[in-house]
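Visitor: sharing a sequence plus its predicted fold:
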Amino acid sequence: MTNITRLHHALPPSPAIVKAINEMDESLRKAIDDAKAAGMPQGLIVALLHGQAHSETARMVE
């Protein structure tokens, strides 16, 4: 996934946040790879990720 742009805050994140981001990123990458290996259609993977992002965004703006 070399074509990903990371967004940066005005202040650098703490080492704990950087660690959490990296762990979450790796977990997502592994889950996506596992789903692809199991034969899940890419469109379904994208739809599930999009739905989760939409749900989290809705919770954040409430």
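Guide: Right, received. Where do you want to start? Keep in mind it's a predicted model, so treat the numbers as computed, not measured.
Visitor: can we go C-alpha only for contacts and neighbour counts from here?
Guide: OK.
Visitor: identify the residues contacting the helix or strand containing Met24?
Guide: Here Met24 sits within helix 15-37, counting by DSSP states H and E. Helix 15-37 is touched from outside by Gln42, Ile45, with contacts defined as CA atoms under 8 Å, 6 or more residues apart in numbering.
Visitor: pLDDT on the helix or strand just after that helix, on average?
Guide: Sequence order places helix 42-61 as the next helix or strand after helix 15-37, per DSSP H and E. On average, the pLDDT along helix 42-61 is 95.
Visitor: helix 42-61 packs against which elements?
Guide: Applying 3 or more CA pairs under 8 Å, 6 or more residues apart in numbering; DSSP states H and E, we find helix 42-61 packed against helix 15-37.
Visitor: residues of the helix holding Met24 that come out buried?
Guide: Using 16 or more other CA atoms under 10 Å as the test for burial, helix 15-37 gives Ile32.
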